[in-house]
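S.K.: Generate a structure from the sequence data that follows.
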Amino acid sequence: MARQLADVLAANIHQHIASTGIAPGTRLPERALAEQFRVSRSPVREALRRLATQSVVTPHPDGGYAVAEGGVAPPANDTHAGRDDGDDSEATYLRIAEERLNGQLPDRFTENEMMRRYGITRGQLGAILRRMAQEGWVERLPGHGWTFLPVLTSAETYKQGYRYRLLIEAAGILEPTFKLDREALLKCRTEQEALANGGVRTASPAALFDANSRLHETIAACSGNAFILEGLRRLDRLRRLMEYRKAVDRDQAERRCREHLELIDLLLAGQQEAAADFLRLHLRNAAREKSEGHA
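M.R.: Predicted coordinates for the structure are as follows:
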């Protein structure tokens, strides 16, 4: 099982590097990857070792690994399956999300039922289920089978989510306990800059959601208020599938990434009040644009 998890993580990390356009030489901290994929650091370390043997990452002079010159290329076809399982798995993953939102899937299901429904192998399904579990919208039942966890399913609750974010996110920047995590914000800045400079044109809906929610959660963590951070994390888990469902307007997505860069720069410059005002405007614009899109 540990070997399987490392294989899946290696593929996910490679896909993340390719889809977000992280520059060669960029260090890949184990802790940040473990938090992103919601696993412990041990499988991340093993996954990075495997990627090093594939020349996707390379040892960093200060320890750990960095993106190699060839690491930004998309993952090659899975040699075990003889075809591009990454693309197939992503398509199946998004189809499951869409059918769940459409009410076409029951609350509980077995692996055999899903294998038959989507025409995939147990190994392919296992990778998808692990990803869904890490993202917090399914969990394994104690005895047999799996269950879907609650998510936002209506346009009205989706709008309520944005109104909730308007209440808590900007307020978090103005908390008396706010303490800037410069290193974490700079990592987010590198990611957002890569997206704004072309990466957003090819990134999957999942990669865009992960990068953007990671930035907002990083800022919430700086608030020093555990309730603000936990509230946002819980909402992000609930709204994930609704975000996948919406048609991605690449121009709007690029503009939001550039706004993220402005927000980060305000915070790095110590302009908290200006950053809070900017964040409110950013969230209002994003809510309006997405409400006008396909639900």
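S.K.: Every contact and neighbour count from this point should use C-alpha atoms.
M.R.: Will do.
S.K.: What helix or strand is the nearest residue to residue 165 once chain neighbours are set aside located in?
M.R.: Closest residue to residue 165 apart from its sequence neighbours, by CA to CA, 6 or more residues apart in numbering: residue 232 at 7.3 Å. Residue 232 belongs to helix 226-245 when assigned by DSSP states H and E.
S.K.: If you count neighbours, what's buried in that helix?
M.R.: 228-229, 231-233, 235-245 (16 or more other CA atoms under 10 Å).
S.K.: got the contact list for the residue nearest to residue 165?
M.R.: 165, 217, 220 (CA atoms under 8 Å, 6 or more residues apart in numbering).
S.K.: who's in contact with residue 176?
M.R.: Counting by CA under 8 Å, 6+ apart, residue 176 has contacts residue 223.
S.K.: So it, which state does it fall into?
M.R.: coil (DSSP: H, G, I helix; E, B strand; the rest coil).
S.K.: what does the model give it for pLDDT?
M.R.: Each residue has a pLDDT score; the one for residue 176 is 96.
S.K.: can you check residue 158 too?
M.R.: For residue 158, pLDDT reads 84.
S.K.: For it, grab the count of nearby residues.
M.R.: 22 (other CA atoms under 10 Å).
S.K.: Now do the strands in the stretch 51-200 of the chain.
M.R.: Counting by DSSP state E, counting those that start in this stretch, the segments of the stretch 51-200 of the chain that form strands are 57-59, 65-67, 108-109, 138-140, 146-148.
S.K.: can you redo these as a markdown table with mean pLDDT and mean neighbour count?
M.R.: As requested, the strands of the stretch 51-200 of the chain are exported to a markdown table (pLDDT from 0 to 100; neighbours: other CA atoms under 10 Å):
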| stretch | mean pLDDT | mean neighbour count |
| --- | --- | --- |
| strand 57-59 | 90 | 23 |
| strand 65-67 | 90 | 24 |
| strand 108-109 | 95 | 16 |
| strand 138-140 | 90 | 18 |
| strand 146-148 | 94 | 18 |
